[in-house]
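> Build me a model:
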Amino acid sequence: MTYEFTLIVEGADLQDDTNVEAVYAAGCDDATVGRVGGVQYLDFDREAESLPSAVVAAAHAIEAAVPGARVVHLEPDDLVSMAEIAERTGRTRESVRLLVGGERGPGGFPAPATHFRHRHRMWRWQQVAAWFARALNEPQAAGDPGTAQFITAFNAGLAWRQVDADLQPEDRQRIRKLVG
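Below you'll find the model as predicted:
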């Protein structure tokens, strides 16, 4: 299968000719290197047995090929707005708004992950996808929940990697004990 995904990369300038050549030589000739508003990324169309194997292999290749390059995020993002939920599930925004508010469907829509007191709330796609499969018996509307879970876990791992060195040892231990 071919998987489409984007890796956000910090550090070394990936648009430098030497780095572009190194990335391609490392097996990332299935990617397009770009930059938007100071954020550099690689868009992939990668053939692999699974999304996790495609993403992990690409991240390792980039970091091994370009000294100082560090993958910091995987897109599509695991945080989604109501509009993005509507787009991903093939529903209207109004339909999603009614599901979120409990005015339609069985209720129990996942709580927002961010901005729960504001108009611009965000949800974890992993929770939304699982809810569509379980509560509405519409697994096809939300795609593969396992994919959503992988994206959430991968991005959490990247976030942990960014802050781990800056944590106090006792805080690092508390967090590791909490997440098991």
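> May I ask which helix or strand of this protein has the lowest mean pLDDT?
Among the helices and strands of the chain, helix 139-142 carries the lowest confidence by mean pLDDT, DSSP states H and E, at a mean of 74.
> so after that one, what's the next helix or strand?
helix 145-163 (DSSP states H and E).
> And the contacts of that following helix?
Helix 145-163 is contacted from outside by 51-52, 55-56, 71-74, 76-78, 124-126, 128-130, 133, 139, 142, using CB atoms under 8 Å, 6 or more residues apart in numbering. To be clear about C-beta, it is placed using only N, CA and C from the backbone, and glycine gets the same treatment.
> ok and the helix or strand following it relative to helix 145-163, angle-wise?
Remark: after helix 145-163, the chain's next helix or strand is helix 169-179, criterion DSSP H and E. Going by axes from the mean of the first three to the mean of the last three CA atoms, to 10 degrees, helix 169-179 is angled at 170 degrees with respect to helix 145-163.
> Show me what counts as buried in the strand or helix carrying residue 87.
According to DSSP H and E, residue 87 maps onto helix 82-89. Neighbour counts over helix 82-89 (16 or more other CB atoms under 10 Å) mark 82, 84-86, 88-89 as buried.
> cool, and stretch 124-132?
Neighbour-count burial for stretch 124-132 [16+ other CB under 10 Å]: 124-132.
> Quick check: which helices or strands does the least confident helix or strand of the chain pack against?
Applying 3 or more CB pairs under 8 Å, 6 or more residues apart in numbering; DSSP states H and E, one finds that helix 139-142 contacts helix 82-89, helix 125-135.
> I'm done for today, thanks for sticking with me.
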